[in-house]
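Trainee: here are the coordinates; sequence isn't available:
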DNA sequence: TGCATAATTTGACGTGCGTCAAACTTCTTT
DNA sequence: AAAGAAGTTTGACGCACGTCAAATTATGCA
């Protein structure tokens, strides 16, 4: 099977996961609406301050979202891997500028849909709205978990908790970004991992 | 105008805000689905660990959400005032136990809808889904703001930022809860406000 | 009005972790 | 295989803020 076909399968499986079996006509329109895109390490999928014009879902690779604070420091707020949505959700729905940028941490393939096609599709097949709500719900829960994580005061415990709830992050992501995600200095994370704190 | 009629007006205005004009039939079903409820200070609207059976919107009063962490400490994660949704969103949609409890900080009136009626209504009038997505989007943005707030390292700056983005909180909420919301000791917040830090 | 309880302030002290700096290790690229 | 860049570790030092304790002020209720 070619890589393109493979990606298509993945994308369809992704949609099915949220809304169940897809009808012939639904699939037809869906295929007209979705596109695939490749990114190299360091490429931006979404830029902070811009209103997102599309919704992307990771097929392969790893994406990181971050924003720059007033002191110019980069704050990592999310990681997105295979079979996860990776775009500024709230901003996409609310049509406001995104607070965060999304960047490829390694070669990335995504399936994406433009805002226009997205809403056109939903108008045609309203039953898909339910799936959207579910995705949003997952996003909310994920965000809540991160907030909860960040509220743990001790660095050691914060890292411990991360290992507990998202161990895959620790194996795939450079230390710098994990430290940033956990809101601690790189050096502190290093010491925590060495058991020196 | 009676207080009950007044609340009804508020509720309808709230819905209109998200989906525009409401048709006769829509309103009729809506009125069959929604209920009002009163809470006294300290009453729980939602309990952590339970799957929310309803969606509530504040008509009057103030609500606070919090969770208890492993050390038994109470962590405030949100405040909800007039014309805001106040319920565990992600959990409501995803049918998972809520991470947080919601409690009335003062006498509260809410309009609520059961999950059953909620989905029944949406099936009957799918165009309302769009409004739901918007509410979810607002929630996401709100959550993102709080996370961003929490990532500011200095207590002083964290409080300053809160004043900037949600000044109403500072006037309506006891210090203890603000401190908890900002992830700092009550004493630290007191010193920050006195300009001693 | 006065008493009890809650809310906020002030002080003293200790420490976790950020910052700066430098060494060491692991990837890239040619 | 060498040279450079990127990623990670280690050490030294200081201070912001948490904790404990007690004083002061505000609030509710008889």
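Mentor: Now that the structure is in, tell me what you want to look at. Note that the structure is predicted; figures quoted are calculated from it, not measured. Numbering: from 1, shown residues only, chains lettered A, B, ... in the order given.
Trainee: can you tell me the helix or strand for residue A:121?
Mentor: Using DSSP states H and E, residue A:121 maps to helix A:115-124.
Trainee: what's next to that helix, contact-wise?
Mentor: Residues from elsewhere that reach helix A:115-124, judged by CB atoms under 8 Å, 6 or more residues apart in numbering or on different chains: A:29-30, A:32-34, A:52-55, A:92, A:113, A:128-129, A:132. In short, each C-beta sits where N, CA and C put it, glycine included.
Trainee: residues in contact with the spatially most central residue of chain A?
Mentor: Closest to where the C-alpha atoms of chain A average out (CA atoms, centre = their mean) is residue A:86, at 2.8 Å. When the contact criterion is CB under 8 Å, 6+ apart, the partners of residue A:86 are A:45, A:56, A:57, A:58, A:63, A:65, A:80, A:102, A:110.
Trainee: of all those, which comes closest to DNA strand D?
Mentor: Here the nearest of the contacts of residue A:86 to DNA strand D, counting by CB to the nearest atom of the strand, is residue A:63; it sits at 15.5 Å.
Trainee: I'd say the closest one and residue A:44 touch.
Mentor: No - counting by CB atoms under 8 Å, residue A:63 does not reach residue A:44; the two are 10.1 Å apart.
Trainee: overlap in contacts of these two?
Mentor: Common neighbours of residue A:63 and residue A:44 (CB under 8 Å, 6+ apart) are A:102, A:103, A:104.
Trainee: of all those, which comes closest to chain B?
Mentor: Chain B lies nearest to residue A:102 out of these, by CB to the nearest CB, at 13.5 Å.
Trainee: is chain B within reach of stretch A:177-193?
Mentor: Yes - shown here: stretch A:177-193 in contact with chain B (CB under 8 Å from any CB of the partner chain) through residue A:183.
Trainee: oh, that last question was meant for stretch A:146-157, not what I typed.
Mentor: Yes - Stretch A:146-157 comes into contact with chain B (CB under 8 Å from any CB), by way of A:146, A:147, A:148, A:150, A:151, A:152, A:153.
Trainee: most surrounded residue in the shared contacts of residue A:63 and residue A:44?
Mentor: Each of the shared contacts of residue A:63 and residue A:44 was scored by neighbours using other CB atoms under 10 Å in any protein chain shown; the highest score is residue A:102's, at 25 neighbours.
Trainee: bridging residues for that residue?
Mentor: Applying DSSP bridges to residue A:102 gives these bridge partners: residue A:46, residue A:65.
Trainee: compute the inter-axis angle for the helix ranked longest in chain A and helix A:115-124.
Mentor: Using DSSP state H, we find that the single longest helix of chain A is helix A:129-150. Inter-element angle recorded for helix A:129-150 and helix A:115-124: 130 degrees (by axes from the mean of the first three to the mean of the last three CA atoms, to 10 degrees).
Trainee: so does the helix or strand following helix A:129-150 get close to DNA strand C?
Mentor: Downstream of helix A:129-150, the next assigned helix or strand under DSSP H and E is helix A:155-165. Yes - shown here: helix A:155-165 in contact with DNA strand C (CB under 7 Å from any atom of the strand) through A:155, A:156.
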